[in-house]
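Student: here are the coordinates; sequence isn't available:
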């Protein structure tokens, strides 16, 4: 088709995915969808790490990506636990209805 | 040729899934869109010869995290949430900020394209992906590996404590 696929293509894709995930974190009201957007951001980072790992022909990037996935799993579990606890107390998951600390 | 077609199809899958994740009204639809996006990312990993991470992405992310999300969506019963507004009241400034950041990326990358050279490509080593990865993980990266297992233990205990009902 156009040019052969270089590492730069992967980096551009990773940047685009990062921006879409950031939009999701900043714009949505539903806390579960915000957590899904955080997972998108982490996947963008993983794409970046894997692309460089393949470019430099080393495996350090892939090891880093394994740890990123591990931390993402732990963070999703704890975050969703917090969300469940919050829902049990406030009966909502919409973040602008959680305003107990507002003055 | 096949490389190009596969890259663009996986990239399209990833980006369309991501856009749908942040814009659909029903949270279950967002979770399904997240699954397709993660599947596209797994395909990209396979294209970059990261076979172990391709498998881990599918099993852990799609088979673990998104299933967890679907369970939580079921528990918090988001039916009437789907009828309310999706986006926050102040949506313009974050949208402009992200578009501005994207424009900054494009701007400084095209302007500095000559100076931003990628490092020289390395030399490929012999051996399969999993063998070399496990060598690295259990020799050089043993301490982070053990710390990661400790982190998972803490996460398990923490999430159980957070989610269980108090014994009132």
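Tutor: Sure, I can see it. Quick caveat: nothing in here was measured; it's all calculated off a predicted structure.

Student: Could you use CA atoms for every contact and neighbour count after this?
Tutor: Noted.

Student: which residues does residue B:62 contact?
Tutor: Listed by Cα atoms under 8 Å, 6 or more residues apart in numbering or on different chains, the contact partners of residue B:62 are B:35, B:38-39.

Student: Let me know the closest of the residues you listed to residue A:48.
Tutor: residue B:38 (14.4 Å; Cα to Cα).

Student: any idea which helix or strand carries the closest one?
Tutor: Element membership for residue B:38 (DSSP states H and E) is helix B:27-47.

Student: just residue A:72 next, same as before
Tutor: Per DSSP H and E: helix A:60-90 holds residue A:72.

Student: where's that helix relative to the chain centroid, distance-wise?
Tutor: 10 Å (Cα atoms, centre = their mean, to the nearest Å).

Student: related to what we said a few turns ago, per-residue confidence averaged over the helix holding residue B:38?
Tutor: Helix B:27-47 shows a mean pLDDT of 96 in the predicted model.

Student: before we move on, the earlier item: the helix holding residue A:72 and chain B in contact?
Tutor: Yes. Applying Cα under 8 Å from any Cα of the partner chain, one finds helix A:60-90 touching chain B at A:60, A:62-63, A:65-67, A:69-71, A:73-82, A:84-85, A:87.

Student: Domain-wise, how is chain B divided?
Tutor: Following automatic domain parsing, one gets these domains for chain B: B:1-85, B:127-168.

Student: Could you count how many residues lie near residue A:23?
Tutor: By other Cα atoms under 10 Å in any protein chain shown, 23 other residues sit near residue A:23.

Student: Please disregard the earlier target; I meant residue B:15.
Tutor: Residue B:15, neighbours per other Cα under 10 Å, totals 23.

Student: Confirm that it lies within a helix, as I assumed.
Tutor: Yes. Counting by DSSP: H, G, I helix; E, B strand; the rest coil, residue B:15 is part of a helix.

Student: Mind pulling up the pLDDT for it?
Tutor: 96.

Student: what sits against it?
Tutor: Applying Cα under 8 Å, 6+ apart, the residues near residue B:15 are A:16-17, B:37.

Student: Going by distance to residue B:117, which of these wins?
Tutor: Checking the contacts of residue B:15 one by one against residue B:117 (Cα to Cα), the nearest turns out to be residue A:16, at 20.2 Å.

Student: Can you classify the closest one as helix, strand or coil?
Tutor: helix.

Student: how far away is it from residue B:73?
Tutor: 27 Å (Cα to Cα, to the nearest Å).

Student: give me the subset of the contacts of residue B:62 touching chain A.
Tutor: Checking the contacts of residue B:62 against chain A (Cα under 8 Å from any Cα), the matches are residue B:38.

Student: Using TSV, lay out the contacts of residue B:62 together with distance to residue A:40 and neighbour count.
Tutor: Listed next are the contacts of residue B:62 as TSV, based on distance: Cα to Cα, whole Å; neighbours: other Cα atoms under 10 Å in any protein chain shown:
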residue	distance to residue A:40	neighbour count
B:35	10	23
B:38	8	26
B:39	12	21
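
Student: All the helices of chain B, in order from the start?
Tutor: B:2-23, B:27-47, B:51-56, B:66-76, B:92-111, B:129-139, B:142-163 (DSSP state H).

Student: Which positions in the third one come out as buried?
Tutor: Buried residues in helix B:51-56, defined by neighbour count with 16 or more other Cα atoms under 10 Å in any protein chain shown: B:51-54.

Student: ok, that helix near chain A or not?
Tutor: Yes. Residues of helix B:51-56 contacting chain A under Cα under 8 Å from any Cα: residue B:53.

Student: Which elements pack onto that helix?
Tutor: Applying 3 or more Cα pairs under 8 Å, 6 or more residues apart in numbering or on different chains; DSSP states H and E, one finds that helix B:51-56 contacts helix A:60-90, helix B:27-47, helix B:129-139.
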